[in-house]
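In: Kindly return the folded structure for what I paste below:
(chains A, B and C)
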Amino acid sequence: MKKTGVILALPAVIFLIVFFFAPFVFLIYKSFQSNIGILTIQNYLKVLTDTFYIRISLYSLEIALITTLLCILIAYPASYYLVHVVSDKYRGLVLAILISPFWIDFLIRAYALKAFFFPLGIKEGFFTLIYGMVYDYFLFMLLPLYASMTGVSKTIINAARIQGASGLTLARKIIIPLTIPGLVAGSTIVFMMSLTEFVIPAMLGGTSGYTLGYAIYDLFFIYRDIYRGSALSVIISALSLLVAYYYIKKTRGQGGIFA
Amino acid sequence: MRGISLDVMEITKSYGKQKVLDKVNLKVERKEFFTILGPSGCGKTTLLHIIAGLVTPDSGKILFDGKDVTNEPPHKRDIGMVFQDLALFPHMTVAENIAFGLKLRNKSEQEIKARVKEMLELVRLNPSEVWNKYPAQLSGGQQQRVALARALAVEPRLLLLDEPLSHIDYKIKQELLAELRRIHKETGVTTLYVTHDQNEAMYLSDRIAVMNYGRIEQIGTPEELYNNPASLFVASFFGDANIVPLKLIGNEENKILFARLDNTVIFKEQPIKDGYLAYLKGVISDKVFMGPQVLLEIRIDEKHTVKTILPRNEATKYNIGDEVIVAFTSEAKIIEAQ
Amino acid sequence: MHKFAWLIVIAIIVAFLYTPIAITVFYSFNESKYMTEFTGFTLKWYKQLFSNERVLEALKNSLEVAIASSAISTILGFMLGYAMHRYRVFGDKFESLMYLPVVIPEVPEAVSIMIFFYILGFQFGWITVLIGHTAFNISFAYLTIRSQLYNINQNIEKAARILGAKGLDLARKIVIPLASPGLLASALMTFILSFNNFVKTAFTTGPGFETLPLLIWKNAVRGRATTELNALATILLVLSLSLSIIYTKIVFIEKRSK
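Out: Below you'll find the predicted structure:
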């Protein structure tokens, strides 16, 4: 019995080992190699001490933070509306309307924004960059928050109302504390993904578009320095792994975005 | 239909450290309606799954008509089963559901059609009405009937029913209980029924096995279990009963007085006629109207109450707060406390 | 808050999401090459696109890779999902590993597979792109199908086994029909993820192999939006949105019937 199972599982597992996990071993190997082939930690030292990379890291952090905060600001009312305001009949429809644009790839959405700002005469720069980031990552905040919000029952809200809570008090004392897991999950994933985003800054950032993701792209395609490029990639991947681990732990069993 | 005898011999099963079944033995006779009764988590469903071949026991044997089938896969056992949640195939029509097992047995198209119709009539569903419907389009009671028809269609040697009525409304449940009795009589298939509901068990069964913590506490006819429970657990789980520590009456420690409600009577004053097992003083603490009868609750002390049932006109003599004498008839029993 | 106030809040969010899309579509019908003003309605940019060899070639490439990747990842994802569901070949830790291709940022993932191909001397082209896409698609397929299988009542399979079904019969008559919404959802999702993908493609493609997103990137990254590009983007937008509607329908119909 078990043998049949192993045979069924094998093709996918082998594919992933060879084409997903093995490449990361190669990446790590390259990140510890110098251009004449000796093992070294120079690549990491160079990346971590170079003021240029420190500066763009800080800049990418700033962008990621602002993006995360704005996503929270939009996703909270939206998820509250979806769970507690809209009628059951229209919930599916509204949810579908909010989710549909995320079937469009980042690049095409970024292009659509470009085509949107241009006739309006808005110059590409920090503002359009942030707009694009929020536009692209809003869903990753909405879904975990929505999942969390479904856990806050109408009865609890009504009970709080009867006790006299309304508006901001209701939000601060009841809704936000009860949706912390979704908030944490959404924030970590939005923060992490926007930290290394590369398409949107390139398409919409204008002169403000040089971020971490772009730096990696340049290291490979412009400077042809795969060693330093690998080191930077390994650092970012390791960071994401930590965040992902935390994310999965936080969202397991309560409907994270992929549950 | 064919009905076989079933032997469950020394069946033991553990999940991790937890022993779910501990050396379970029982024998079901041909054409018998046999019920396993126990609270949830007592191991009764696991036992049923072992008999079906869905779960392999750690040790012990299952015999069908004396033949060892312990290592046979479910599809070779020739049994029918109705699950607690029915498990109808949601993507198939009623007819396709019932025909499923027949098709796998390579029956001809005509044979299958005739059999499906016969089964629908057996469970009193109108064939032309439900034939092409999907399970989701049927009411709970109708789904129940389809599940039963599907299980019976393959002419099983043994029918297993896993709490099939636990999610059904009271009225439809009464209706389906009567149907189950009738269908068992008509088909004569050996039936093993699992439930936590003593009323269902009493209504349906030739014999009942009461289970607790993976062990069988007692096997017997409903009457035997009611009159002579072998343990405190059986006494309290099967039928309503008053259970009073004997030290309230005499000095005997570790003994318990066990009396069915109809073996418990009350008087305004100490009765002259003797022949009662024991007397207790108490105060009526509650009075519940139950149709033709009235349930009275009598408080003995801070921790203990007893209950009795009176016909409606008798009960008018008693009110909450009245002091009464409780007497236990000679049918009440004194058993060891565990 | 008043119901009307809520409607305004949601309208603003919907406008935030859809205005750029609407503007892009609108200007794809513009007479003028640039978008400073709308000079008149025309379909000429679409005609031009469909007579452009390079665009057609890229469309063909995108479709081929997306269909192949969707088929491979859905089939392998189902096999793995079924193995996990029915035989429990691996434990919970394995489940967490399957999230990795979904959560690791695309750039490092793309870089790693590029280095891998490079060191092993692969010829960069459609096969490397296909492998690259499938590497993350398998995870999406698996997670989608696994949750569908998870939702199938286990007793249904048991009932079928008792009635005599085994092996292939069980898969064909019970498991695959019941998992079909998940299989379809997975096929759609992996198709669109591959068809639209830019980052992985950019890092794994070779000379002469161009997809539609690459074409947009090359023309738009540092330059201006043009009407012709708008027309191309519109085609991709409409395709994505229609697939999303089908997907949503499947998911919702499936949820309702439970």
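
In: which residues touch the closest residue in space to C:Phe94 that isn't next to it in sequence?
Out: The shortest distance from C:Phe94 to any non-neighbouring residue, by CB to CB, 6 or more residues apart in numbering or on different chains, is to C:Met84 (7.6 Å). For glycine as for every other residue, the C-beta is placed from the backbone atoms N, C-alpha and C. Neighbour list for C:Met84: A:5, A:9, C:90, C:94-95, C:146 [criterion: CB atoms under 8 Å, 6 or more residues apart in numbering or on different chains].

In: Just flag the most distant two among the residues you listed.
Out: The distance between the two most remote of the contacts of C:Met84 (CB to CB) is 14.9 Å, for A:Gly5 and C:Glu95.

In: These two - which one has more neighbours?
Out: Between A:Gly5 and C:Glu95, A:Gly5 has the larger neighbour count (other CB atoms under 10 Å in any protein chain shown), namely 20 against 15.

In: Give the buried residues for the helix or strand hosting the more buried one.
Out: In the assignment (DSSP states H and E), A:Gly5 maps to helix A:2-16. Buried positions in helix A:2-16, judged by neighbour count with 16 or more other CB atoms under 10 Å in any protein chain shown: A:5, A:8-9, A:12-13, A:15-16.

In: out of those, which touch chain C?
Out: A:5, A:8-9, A:12-13, A:15-16 (CB under 8 Å from any CB of the partner chain).

In: and which of those residues is nearest chain B?
Out: The shortest approach to chain B among those belongs to A:Gly5, at 16.2 Å (CB to the nearest CB).

In: Among the buried residues of helix A:2-16, find the lowest-pLDDT one for me.
Out: The member of the buried residues of helix A:2-16 with the lowest pLDDT is A:Gly5, at 84.

In: how many other residues sit next to B:Glu200?
Out: Neighbour tally, B:Glu200, other CB under 10 Å: 22.

In: can you pull the contacts of it?
Out: Contacts for B:Glu200 were tallied using CB under 8 Å, 6+ apart; they are B:35, B:165, B:173, B:177, B:193.

In: Okay, and the fourth one sits in which element?
Out: By that I understand B:Leu177. Here B:Leu177, judged by DSSP H and E, is contained in helix B:170-187.

In: Can you pull the poorly scored residue ranges out of chain A?
Out: Applying pLDDT under 70 to chain A flags residues A:1, A:164, A:244, A:247-259.

In: continuing past the longest helix seen in chain A, what's the next helix or strand?
Out: In chain A, assigned by DSSP state H, the helix with the most residues is helix A:51-80. Heading C-terminal from helix A:51-80, the first helix or strand you meet, by DSSP H and E, is helix A:88-99.

In: Any part of that next one near chain C?
Out: Yes. Using CB under 8 Å from any CB, helix A:88-99 comes into contact with chain C via A:92, A:94, A:96-99.

In: How about stretch B:78-85?
Out: Yes. Counting by CB under 8 Å from any CB, chain C has neighbours in stretch B:78-85: B:79-81, B:83-85.

In: what's the spacing between that stretch and its chain's center?
Out: 16 Å (CA atoms, centre = their mean, to the nearest Å).

In: And for it, what's in contact with it?
Out: Residues outside stretch B:78-85 that contact it (CB under 8 Å, 6+ apart) are B:45, B:48, B:51-52, B:144, B:147-148, B:150-154, B:156-164, B:166-167, B:189, C:153, C:155, C:158-159, C:162.

In: Give me the buried entries from these.
Out: B:45, B:48, B:51-52, B:144, B:147-148, B:150-154, B:156-164, B:189, C:153, C:155, C:158-159, C:162.

In: from the ones next to chain C among the buried residues of helix A:2-16, which single one is nearest chain C?
Out: A:Gly5 (2.6 Å).

In: Sheet-wise, list the partners of whatever helix or strand comes next after the helix holding B:Leu177 with their directions.
Out: Where DSSP H and E defines the elements, the next helix or strand beyond helix B:170-187 is strand B:190-195. Strand pairing for strand B:190-195, determined by DSSP bridges: strand B:33-37 (parallel), strand B:158-162 (parallel).

In: Nearest residue to residue 72 in space, please, no chain neighbours.
Out: I went with chain A, as the question did not name one. Nearest one to A:Ile72, counting by CB to CB, 6+ apart, is A:Met141 at 6.2 Å.

In: other chain: chain C
Out: Distances taken as CB to CB, 6+ apart place C:Thr134 nearest to C:Ile72, at 5.3 Å, with adjacent residues excluded.

In: and the gap between A:Thr150 and chain B?
Out: 24 Å (CB to the nearest CB, to the nearest Å).

In: partners of B:Val28 in the sheet?
Out: Bridge pairing for B:Val28 - DSSP bridges - gives B:Leu6.

In: any idea of the pLDDT on it?
Out: So B:Val28 comes in at 94 (pLDDT).

In: For it, give its distance to B:His184.
Out: Remark: distance between B:Val28 and B:His184 (CB to CB, to the nearest Å) = 13 Å.

In: List the residues that contact A:Leu8.
Out: Residues in contact with A:Leu8 (CB under 8 Å, 6+ apart) are C:79-80, C:82-83, C:87.

In: Equivalent analysis for C:Leu163, please.
Out: Taking CB under 8 Å, 6+ apart as the test, what C:Leu163 contacts is B:75, B:100-101, B:104, B:150, B:154.

In: Same check on C:Ala66?
Out: By CB under 8 Å, 6+ apart, the neighbours of C:Ala66 are C:133, C:191-192, C:194-195.

In: For A:Val86, grab the count of nearby residues.
Out: That count, for A:Val86 with other CB under 10 Å as the rule, works out to 19.

In: In contact with the residue lying closest to it once chain neighbours are set aside: list those residues for me.
Out: Excluding the flanking residues, the one nearest A:Val86 by CB to CB, 6+ apart is A:Val94, at 5.5 Å. Each residue near A:Val94 by CB under 8 Å, 6+ apart is listed here: A:81-82, A:86, C:10.
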